[in-house]
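Asker: This is the structure alone, sequence omitted:
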């Protein structure tokens, strides 16, 4: 996909060109919104609103990283909604489906019913721990540890310094680790901290 060419065409009003960008990035945008907000319907609304806003703002987009620019719109919409509600969103996993790739590593084709249920419980635990983080830390953790962006990309997306990104991710990981130890029996053996003292941290 020639992203730069599609952006140029979309700026000239070529809707099919923009639709190709939407198809390419819609799952990524939804995943980020869902992990931040914790509600499937809210994530869908924010994703749709973000693409509309992106299309309307294309003339203000300077040649660069379109993905980072788009995710900045998505995270800003999430942050605005969180501030509007002024309360922690409630996590709902009822609509977690096989099409959602954020936690694909938890699935296995060899799983029986019991193993699948354990994995689903682990997903719920991770989601609950994510939703327990402060908004700013959750956004950084989602972009880094769920969606795989590097620190500089996250700094660009969230419009914050590299040092702030590192600090938020470090604090988020520490809190997630502590939270997940409450369900340690659900964690794969390689993720457990048992008999492994953490140096330099309480």
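Answerer: Structure received. Just so you know, these numbers come straight off a predicted model, no measurement behind them.
Asker: What's the local residue count around residue 155?
Answerer: Residue 155 has 20 neighbours, counted by other CB atoms under 10 Å. (Each C-beta comes from the backbone N, C-alpha and C, glycine too.)
Asker: Report all helices and strands that the helix or strand containing it contacts.
Answerer: Take DSSP states H and E as the rule and residue 155 turns out to sit in helix 151-158. When contacts are defined as 3 or more CB pairs under 8 Å, 6 or more residues apart in numbering; DSSP states H and E, helix 151-158 packs onto helix 66-85, helix 135-141, helix 162-180.
Asker: Please list the outside residues in contact with it.
Answerer: 65, 68, 71-72, 75, 139-140, 143-144, 149, 161-162, 164-166, 169 (CB atoms under 8 Å, 6 or more residues apart in numbering).
Asker: closest one to residue 40 among the helices and strands packed on helix 151-158?
Answerer: Shortest distance between residue 40 and the helices and strands packed on helix 151-158, using CB to CB, is found for helix 66-85: 13.7 Å.
Asker: Now name the helix or strand holding the residue most central in space within the chain.
Answerer: With distances taken as CA atoms, centre = their mean, the residue of the chain nearest its centroid is residue 32 (3.0 Å). For residue 32, the enclosing helix or strand under DSSP H and E is helix 15-37.
Asker: Can you point out the buried residues in whatever helix or strand comes next after that helix?
Answerer: Sequence order places helix 40-56 as the next helix or strand after helix 15-37, per DSSP H and E. Going by neighbour count (16 or more other CB atoms under 10 Å), the buried part of helix 40-56 is 40, 42, 43, 46, 47, 50, 51, 54, 55.
Asker: which helices and strands does helix 40-56 pack with?
Answerer: helix 15-37, helix 66-85.
Asker: Return the distance of the helix or strand following the last one from the chain's centre.
Answerer: Using DSSP H and E, the helix or strand that directly follows helix 66-85 along the chain is helix 113-131. Averaging C-alpha positions (CA atoms, centre = their mean, to the nearest Å) puts helix 113-131 17 Å from its chain's average.
Asker: Compute the inter-axis angle for the helix holding residue 155 and helix 66-85.
Answerer: 50 degrees (axes from the mean of the first three to the mean of the last three CA atoms, to 10 degrees).
Asker: what's the angle from helix 151-158 to helix 162-180?
Answerer: Using the same axes, to 10 degrees: helix 151-158 against helix 162-180 is 100 degrees.
Asker: next one: helix 151-158 to chain centre, how far?
Answerer: 13 Å.
Asker: for this protein, what helix or strand is lowest in average pLDDT?
Answerer: Ranked by mean pLDDT, DSSP states H and E, the helix or strand of the chain with the weakest confidence is helix 113-131, at a mean of 78.
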